[in-house]
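# Fold the following, please.
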Amino acid sequence: MPPGESFQSSARVHCDANAEFITIGSSSGSDITQALLKAFTTACQSPSPSKVVIPKGEFKLGEIQMRGPCKAPIEITLQGTVKADGNAIQGKDTWIVFGNINGFKLNGGGTFDGEGNAAWRVNNCHQTFNCKKLPISIRFDFVENAEIRDISSIDAKNFHINVLGAKNMTMDHINIVAPKDSPNTDGIHLGRSDGVKILNTFISTGDDCISVGDGMKNLHVEKVTCGPGHGISVGSLGRYGNEQDVTGIRVINCTLQETDNGLRIKTWPSAACSTTASDIHFENIIVKNVMNPILIDQEYCPWNQCNKQKPSTIKLANISFKQVRGTSGNKDAVKLLCSRGFPCQNVEIGDIDIKYSGADGPATFQCSNVSPKLMGTQSPKACSGPVTNLPQ
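Presented below is the predicted three-dimensional model:
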């Protein structure tokens, strides 16, 4: 494309020997959906690396799918704020999609505003499976060799970020915020991906800060602050029949504060498949007034949508919780509820120090269908408490 060519006066383009730069030139407050799509399409077709810049200001952005494959690496720099339609938009599950790109960067310090208020009021997906879809703010579908850095997502209608089919992706300095009572607003959900890092990130939302779905391999989470929210979860696993194994999950040097759960692995009883989740490690975690700070729940059955008489067929193996310390929001400091059909294998507990000061205390450590290997010291004492059922 010749230097200076524009898309209906909405984008400015210039080239040099090594790269093509495209700036969205729309005025603040305008709708940039078509301008961004055209800019991305041009960048994607460029034989040299390309960069699309959304400048400072507030812009409206409708549903948009930016998909490759592209001829060369592409970078999108969001300096301003893009805002979704504020209506509920039930029946659609997408706002922004980046898909099928090898060599991708997203950065700039800008904000994706999902305008979720109206959607939260009609969202009943946390109460029933038969609910209408709501848009996930940002989807990364089959994106490889990617860096997502210095962006914010606020007030998503549904999940903030969904990662599917990624390979070699790093997320660094991501800021995710929604009210603690906003339903189904998971911060980052990942599945069927290999080699993802989440670093130096702040997540405060209404559901899981980070949730790991089936088929996830080699996830590294470090220096993440989570809360309010529902903690960091592996699962739920076993709801569907075609699920894949989960392996290589490492969560280190993180802080959870005022969350409804802490470090959680959850699988369904009467599971529809027989997969394995293994090599899952949590280490050097601070908990501050966290409910259920350490929880393996193989009887996960929201709204009694399963047969609890049939034990979970999801196998859990090679799991560790080490150097977890702080305060619990309830007396169930550690709860390892494994499947009676497939007891947990090789669970290691090391140096746990979780205090609880409530009237129904002290803190308890419960074990069912598991004999953990103990290292260092544990407070409360390992497997000393009577096993009680979790509230559904």
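
# rest of the way, CA atoms for contacts and neighbours
Will do.

# I figured A178 hits A156, correct?
Yes - A178 sits in contact with A156 when judged by Cα atoms under 8 Å, with a separation of 7.0 Å.

# any common contacting residues for those two?
Common neighbours of A178 and A156, counting by Cα atoms under 8 Å, 6 or more residues apart in numbering, are T185.

# quick one, which of these two is more surrounded?
Between A178 and A156, counting by other Cα atoms under 10 Å, A156 is the more crowded of the two (35 against 26).

# Let's see the pLDDT reported for the more buried one.
At A156 the predicted local confidence, pLDDT, stands at 98.

# mind starting the numbering at 750 from now?
Yep, numbering from 750; the last one is A905 now.

# pretty sure it belongs to a helix, no?
No - per DSSP: H, G, I helix; E, B strand; the rest coil, A905 lies outside any helix segment and is coil.

# That one reaches T860, doesn't it?
No - counting by Cα under 8 Å, A905 stays clear of T860, with 11.4 Å between them.

# What is the distance between the helix or strand N924 falls within and the centre of its chain?
Counting by DSSP states H and E, the secondary-structure element that holds N924 is strand 916-926. The gap between where strand 916-926 is centred and where its chain is centred comes out at 10 Å by Cα atoms, centre = their mean, to the nearest Å.

# okay, that strand in PDB with CA atoms only?
Once side chains and other backbone atoms are set aside, the C-alpha atoms of strand 916-926 remain, and they are given as PDB (Å, rounded to 0.1, in the frame of the first residue of the first chain):
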ATOM      1  CA  LYS A 916       1.100 -22.100  21.800                       C
ATOM      2  CA  ASN A 917       4.000 -20.100  23.400                       C
ATOM      3  CA  MET A 918       2.000 -17.200  24.700                       C
ATOM      4  CA  THR A 919       3.100 -14.800  27.400                       C
ATOM      5  CA  MET A 920       0.700 -12.400  29.300                       C
ATOM      6  CA  ASP A 921       2.500  -9.800  31.400                       C
ATOM      7  CA  HIS A 922       1.200  -6.900  33.400                       C
ATOM      8  CA  ILE A 923      -2.500  -7.500  32.600                       C
ATOM      9  CA  ASN A 924      -5.000  -5.600  34.700                       C
ATOM     10  CA  ILE A 925      -8.500  -7.200  35.000                       C
ATOM     11  CA  VAL A 926     -11.300  -5.600  37.100                       C
END
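
# Okay, now the sheet partners of it, with direction.
Strand pairing for strand 916-926, using DSSP bridges, gives strand 893-903 (parallel), strand 943-953 (parallel).

# Following element in sequence after the last one, please.
Proceeding C-terminally, strand 943-953 gives way to strand 959-961 as the next helix or strand, assigned by DSSP H and E.

# Doesn't N1010 belong to a strand?
No - checked against three-state DSSP, N1010 lies outside a strand; its state is coil.

# can you list the residues that contact the helix ranked longest in the chain?
With DSSP state H setting the assignment, residue counts place helix 782-794 as the longest helix in the chain. Residues from elsewhere that reach helix 782-794, judged by Cα under 8 Å, 6+ apart: 756, 759-760, 769, 771, 773, 798-801, 809-815, 817-823.

# chain center to that helix: distance?
The offset between the C-alpha centroid of helix 782-794 and the centroid of the whole chain comes to 27 Å, using Cα atoms, centre = their mean.

# what's the average pLDDT for stretch 817-835?
In this model, stretch 817-835 carries a mean pLDDT of 97.

# what does stretch 1111-1128 give?
Mean per-residue pLDDT for stretch 1111-1128: 97.

# Repeat that for stretch 921-928.
Confidence for stretch 921-928, expressed as mean pLDDT, is 98.

# How many residues are close by C880?
Using other Cα under 10 Å, the number of residues around C880 comes to 14.

# who are the neighbours in contact with it?
Neighbouring residues of C880 by Cα under 8 Å, 6+ apart: N872, N873, C874.

# Make a PyMOL selection of the buried ones in those residues.
Buried members of those, defined by 16 or more other Cα atoms under 10 Å, are picked up in PyMOL with:
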select buried, resi 872+873+874
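
# Please produce a markdown table containing the contacts of C880, extended by distance to A1131 and pLDDT.
Formatted as a markdown table, the entries for these read as follows, by distance: Cα to Cα, whole Å; pLDDT from 0 to 100:
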| residue | distance to A1131 | pLDDT |
| --- | --- | --- |
| N872 | 40 | 83 |
| N873 | 38 | 79 |
| C874 | 36 | 75 |
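
# measure the nearest residue to S931 once chain neighbours are set aside to T830 for me?
Across the structure, with Cα to Cα, 6 or more residues apart in numbering as the measure, the residue nearest S931 apart from its sequence neighbours is G955 (4.7 Å). Applying Cα to Cα, to the nearest Å, one obtains 22 Å for the distance of G955 from T830.
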